[in-house]
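Engineer: model this:
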Amino acid sequence: MAEVSLELLQGMVQRVLDMLAQQSATLDSHGRRLTTIDNHLAALDAETISLVQRQVDPMNERIARIERRLELVDAG
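Structural biologist: Below you'll find the predicted structure:
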């Protein structure tokens, strides 16, 4: 059986620490990317809501005019 030396153990531990550091850096990178994507989706949602609101507002005004013409509501 091969003899285990302190140098061999140190080398193995160092490789594990290096892999852990690399995985940590990758995880940090993914976290930043997810935050960016989340921010873009939030902005997209706000833009979509704004677009829909701009389309609905004229329709609401038109319905109100039609209701007044048909005397379905008070003119005041």
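Engineer: quick one: contacts of stretch 67-76?
Structural biologist: The contact list for stretch 67-76 (CB atoms under 8 Å, 6 or more residues apart in numbering) reads Ala64. Where you see a C-beta, it was placed from the backbone N, CA and C, and this is true even at glycine.
Engineer: need the mean per-residue confidence for it.
Structural biologist: For stretch 67-76, mean pLDDT rounds to 80.
Engineer: for the chain, which spans come out with low pLDDT?
Structural biologist: The model of the chain has pLDDT under 70 over residues 1, 75-76.
Engineer: change it to 90
Structural biologist: For the chain, the stretches with pLDDT under 90 are 1-4, 40-47, 49, 68, 71-76.
Engineer: geometric centre of it: which residue is closest?
Structural biologist: Asp38 (1.2 Å; CA atoms, centre = their mean).
Engineer: off-centre distance for the helix or strand where that one lies?
Structural biologist: Take DSSP states H and E as the rule and Asp38 turns out to sit in helix 6-69. Centroid separation for helix 6-69 versus its chain: 2 Å, with CA atoms, centre = their mean, to the nearest Å.
Engineer: just stretch 58-76 next, same as before
Structural biologist: Offset of stretch 58-76 from its chain centre (CA atoms, centre = their mean): 41 Å.
Engineer: cool, stretch 3-10 as well?
Structural biologist: 47 Å.
Engineer: dump that stretch to PDB, restricted to CA.
Structural biologist: Listed next in PDB are the C-alpha coordinates belonging to stretch 3-10 (Å, rounded to 0.1, in the frame of the first residue of the first chain):
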ATOM      1  CA  GLU A   3       2.400   5.600   2.000                       C
ATOM      2  CA  VAL A   4       0.400   8.800   2.500                       C
ATOM      3  CA  SER A   5       2.600  11.800   3.100                       C
ATOM      4  CA  LEU A   6       1.800  15.200   4.400                       C
ATOM      5  CA  GLU A   7       2.700  16.800   1.100                       C
ATOM      6  CA  LEU A   8       0.300  14.400  -0.700                       C
ATOM      7  CA  LEU A   9      -2.500  15.400   1.700                       C
ATOM      8  CA  GLN A  10      -1.700  19.100   1.300                       C
END
